[in-house]
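Novice: Just need the structure, nothing else, for what follows:
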Amino acid sequence: MKLTAYFFALLVLLVTIPMPLNSYPIDGYERTGIRRLAYLQAVVDEEVKGTKPIPGAMKSVDSIQLNLYGLTGSMMDSLPATNPDLQKALNGLFPNMHESYSVAVMDITPGREPRYAERQPRRGFQPGSVGKLAVVTGIFCELENLFPDSFHLRQQLLRERSVKGGPWAVYDEHTVPFYNPETKTLVKRQVRESDVFTLYEWIDHMLSVSNNGAAAVVWREAMLLRAFQQDYPTLTEAQANEYFRGLSKKELSDLSISVVNDPLRDLGITSDEWRLGTMFTRGATAIVPPQGGSLGTPVGLMKFMAALESGRVIDPATSLEIKRLMYMTDRRIRYAASPALKEAAVYFKSGSLYKCKPEEGYHCAKYQGNVDNYMNSVAIVEHGDSLVYMVALMSNVLKKNSNVDHNALASRIDQMVRK
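Specialist: Residues are numbered from 1 along each chain as shown. Okay, the predicted model is just below:
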């Protein structure tokens, strides 16, 4: 079935079937087909036993908005000048955490001019899983190319198209939820090559639990969208596999780099500020070789969040949907787990990468590398009293799990911005 027939079929569905009015994300199952949300809604409704989401995770679709969209001066290609008072306060948070930490903070509370502060904002770090935000941006960019005039059709494709993980999806220790809405049973396990999810669910697994296999699959589908365009909606697994076998390693590498990095360049984020160069699993890198390495900086990540809140990541509808996908309704970790943020809505992505080498008296442990020990977080924080701010925090503290420091810094930054 070619695009014309596919487009007509989806248009008929959109005209004849009312779009669900349920809240999002927790009760957004009908809207997205993400079964994790069906489980959370069942927990909230006390239909199944489980841990209910914390107060800050209970926002609805209508209450999630873009804080900078449509405001005069908000469509910024560069960040504002530092605010003297906020900068002084930020400097005071790091008396014993000098070169190992870099951070950018922007207060975008409605009703006043943005306030910005930074510390070593252009220092480069391995972004780790924070780079998955570039992957979700890449696939939404290709969806916009396919359906430039209809966000509904982009969503319909995300909800209706199912793909198998294959070798791209392995291996990763992060488990993903398998929920059956009919039997109301939940199982969590690692992703296998045979697993099949919709595009929406692969994206959700990539962001909500940071599954690396899901990230590789989403990246793969962005490449296929670019390559097949109008024929993508009916592309078979066999055709996709044949396509990857037919290209040289250089061609595949170039395509992979283009689909996730070009949208960042369109936002004015340079390759020295944020770039993605390596897929997230060994299965994927065996097919698509790395190129150029991955790098992130607080200023690059802050530019992305400012563009997101301004509605400039692809378009306003896409910006809002990516923000919804970043909304933390799953378990909060690291920076986002701060008690100071319990009541706040947090749109979040964290990433880490550590590397060890033999050293006398040193034992390698998770997140305690003695060669590299990156831990990074980006967060948009919205409090009920209208306080809204964005943070990009990156660190490389050797031999120490920085989780506690990130958690403590979240509380201090929250207090700092509030003052």
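
Novice: Report the separation between residue 217 and residue 277.
Specialist: 18 Å (CB to CB, to the nearest Å). All C-beta atoms are positioned from the backbone trio N, CA, C, and that covers glycine.

Novice: for residue 419, same thing?
Specialist: Distance, residue 419 to residue 277, using CB to CB: 40 Å.

Novice: higher neighbour count, these two?
Specialist: residue 277 (18 against 8; other CB atoms under 10 Å).

Novice: Do you know the pLDDT at the residue of the chain positioned farthest from its centre?
Specialist: The C-alpha centroid of the chain is most remote from residue 360, which lies 38.3 Å away (CA atoms, centre = their mean). For residue 360, the pLDDT comes out at 92.

Novice: Where does it fall, secondary structure wise?
Specialist: Residue 360 belongs to no helix or strand when assigned by DSSP states H and E.

Novice: Over to residue 364?
Specialist: Using DSSP H and E, residue 364 falls outside every helix and strand.

Novice: Excluding sequence neighbours, find me the nearest residue to it.
Specialist: Distances taken as CB to CB, 6 or more residues apart in numbering place residue 356 nearest to residue 364, at 3.5 Å, with adjacent residues excluded.

Novice: got the contact list for the one you found?
Specialist: Neighbour list for residue 356: 362, 364, 369-371 [criterion: CB atoms under 8 Å, 6 or more residues apart in numbering].

Novice: All the helices of this structure, in order from the start?
Specialist: 3-16, 29-32, 35-44, 84-91, 132-146, 151-160, 199-208, 212-228, 237-246, 249-266, 282-285, 298-310, 316-326, 403-418 (DSSP state H).

Novice: Check which helices and strands the longest one sits against.
Specialist: The one in question is helix 249-266. helix 132-146, helix 212-228, strand 274-275 (3 or more CB pairs under 8 Å, 6 or more residues apart in numbering; DSSP states H and E).

Novice: That one: which residues count as buried?
Specialist: Neighbour-count burial for helix 249-266, counted by 16 or more other CB atoms under 10 Å, picks out 252-253, 255-257, 259-261, 263-264.

Novice: can you give me the angle it makes with helix 132-146?
Specialist: Per axes from the mean of the first three to the mean of the last three CA atoms, to 10 degrees, the angle that helix 249-266 makes with helix 132-146 is 90 degrees.

Novice: Can you show me the CA trace of helix 249-266 as PDB?
Specialist: Output in PDB follows, covering the C-alpha atoms of helix 249-266 (Å, rounded to 0.1, in the frame of the first residue of the first chain):
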ATOM      1  CA  LYS A 249      29.500   0.900   6.300                       C
ATOM      2  CA  LYS A 250      30.500   4.500   5.400                       C
ATOM      3  CA  GLU A 251      27.100   5.200   3.900                       C
ATOM      4  CA  LEU A 252      25.300   3.700   6.900                       C
ATOM      5  CA  SER A 253      27.500   5.700   9.300                       C
ATOM      6  CA  ASP A 254      26.900   9.000   7.400                       C
ATOM      7  CA  LEU A 255      23.200   8.400   7.400                       C
ATOM      8  CA  SER A 256      23.000   7.600  11.100                       C
ATOM      9  CA  ILE A 257      25.000  10.700  12.000                       C
ATOM     10  CA  SER A 258      22.800  12.900   9.800                       C
ATOM     11  CA  VAL A 259      19.400  11.900  11.100                       C
ATOM     12  CA  VAL A 260      20.300  12.600  14.800                       C
ATOM     13  CA  ASN A 261      22.600  15.600  14.400                       C
ATOM     14  CA  ASP A 262      21.100  17.700  11.600                       C
ATOM     15  CA  PRO A 263      18.100  18.700  13.700                       C
ATOM     16  CA  LEU A 264      20.500  19.900  16.500                       C
ATOM     17  CA  ARG A 265      22.400  22.100  14.000                       C
ATOM     18  CA  ASP A 266      19.100  23.500  12.800                       C
END
